[in-house]
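Q: give me coordinates for this.
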Amino acid sequence: MSTEKSARTDMGTGSDSGSRVQLRLDAVRARAELASTLDAIEYKLNLSRQLSTANRRVSTSLHELGEDNPAGLIGVALGAGAAVGAAVALCIRAFQRR
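A: Below is the predicted model:
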């Protein structure tokens, strides 16, 4: 009988330490997920960082377009210039009519 009791105690201790290890692993995993979520929220709410990332993406895309298709890049530049010129002309016209 005393052998059965000591065997049960040993098994209980083993599973108890195993569950503690599992709980610690779960806690570490939960902390990592929480940190990742908080980083994602911070990134989404940081407007200057969003603009910087978008600026980098556009710059990289235009650079690649210039290397792959210089005529296409010239077309994009002319189109952007025409759009800016039209917007300025419309603004000047609107202010002159006032």
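
Q: quick one: list the elements packing against the helix or strand hosting Arg93.
A: Take DSSP states H and E as the rule and Arg93 turns out to sit in helix 70-97. For helix 70-97, the elements it packs on are helix 47-68, judged by 3 or more CB pairs under 8 Å, 6 or more residues apart in numbering; DSSP states H and E. The way it works is simple: take the backbone N, C-alpha and C, and place the C-beta from them, glycine included.

Q: what's the angle from the helix it packs on to helix 70-97?
A: 130 degrees (axes from the mean of the first three to the mean of the last three CA atoms, to 10 degrees).

Q: so how far is helix 47-68 from its chain's centroid?
A: Computed by CA atoms, centre = their mean, to the nearest Å, the separation of helix 47-68 from the middle of its chain amounts to 16 Å.

Q: pLDDT averaged over that helix - what is it?
A: For helix 47-68, the mean pLDDT works out to 93.

Q: neighbouring contacts of it?
A: Contacts of helix 47-68 from elsewhere in the structure, counted by CB atoms under 8 Å, 6 or more residues apart in numbering, are Tyr43, Lys44, Gly72, Leu73, Val76.

Q: buried ones among the residues you listed?
A: Neighbour-count burial (16 or more other CB atoms under 10 Å) is assigned, among the contacts of helix 47-68, to Leu73.

Q: which one of the contacts of helix 47-68 is nearest to Ala89?
A: Taking CB to CB as the measure, Ala89 sits nearest to Val76 out of the contacts of helix 47-68, at 20.4 Å.

Q: gap between that closest one and Ala83?
A: When distance is defined by CB to CB, to the nearest Å, Val76 is 11 Å away from Ala83.
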